[in-house]
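> Starting from these lines, generate the structure:
(chains A and B)
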Number of protein chains: 2
Amino acid sequence: MIYEIAEITVKPDTHAAFEAAVTQAVPIFKAASGCQSMRLERGIESPDTYHLVIGWATLEHHTVDFRSSPGFQDWRALVGGFFAQPPKVEHYSPVVTGF
Amino acid sequence: MIYEIAEITVKPDTHAAFEAAVTQAVPIFKAASGCQSMRLERGIESPDTYHLVIGWATLEHHTVDFRSSPGFQDWRALVGGFFAQPPKVEHYSPVVTGF
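Next up, the predicted model:
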């Protein structure tokens, strides 16, 4: 499994609506091929910044399969209007699984 | 629970030794008060950059208790020599627990 980390900064005063939209989007990720986990975190030092953390079986399940799927369009339709700027997306591989 | 995300960039050609040192440090975090999970991830797009992801019961378990403990000194003694620059540390709270 690899992790997608999307750093999302939202427009002022849209936090509750954005979080509700992400909750509404959970089934999109549940249905996506190779999607194994998903959560949204909010910055404590930077409360306008969120991390969307998604576990994918392989990098290509995200970058190829999901991005070319109708689910990606549905996701962006739900949340894109809240973005203050384009999300910064990176991928990470676990190398030490502590506990 | 909150997550500490430490972004760590290591010096060139130290990856294997750094990862071994983090593995050696797992018991330090297991023994730390309020520490609930710990893993190390390596960037796919930026292979010199790691995320150390640590779950703490509260923010203060990290920022007050751990940082003033001997465990923090032990941790830095193990891994500090590999850092190319000071780690960038942020904290995040889960707001949507998808799956």
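
> excluding its backbone neighbours, what's nearest A:Asp48?
A:Thr9 (5.4 Å; CB to CB, 6 or more residues apart in numbering or on different chains). Yep, even glycine has a C-beta here, placed from its N, CA and C like the rest.

> for chain A, what's the longest helix?
helix A:15-31 (DSSP state H).

> Can you give me the buried ones in it?
Residues A:15, A:18-19, A:21-22, A:25-26, A:28-29 are the ones in helix A:15-31 that count as buried (16 or more other CB atoms under 10 Å in any protein chain shown).

> and chain B, which of the residues you listed reach it?
Of the residues in these, proximity to chain B by CB under 8 Å from any CB of the partner chain holds for A:19, A:22, A:26, A:29.

> Please work out which residues outside the one helix or strand the residue nearest to A:Asp48 maps to touch it.
Using DSSP states H and E, A:Thr9 falls within strand A:2-9. For strand A:2-9, the surrounding residues in contact (CB atoms under 8 Å, 6 or more residues apart in numbering or on different chains) are A:48-56, A:58-59, A:62, A:79, A:82-85, A:87-94, B:41, B:44, B:51.

> now the angle between helix A:15-31 and that strand, please.
Per axes from the mean of the first three to the mean of the last three CA atoms, to 10 degrees, the angle that strand A:2-9 makes with helix A:15-31 is 160 degrees.

> Confirm for me that A:Cys42 is in contact with A:Val22.
In this structure residue A:42 is Arg, not Cys. No. Checked against CB atoms under 8 Å, the pair A:Arg42 and A:Val22 is beyond contact range at 10.5 Å.
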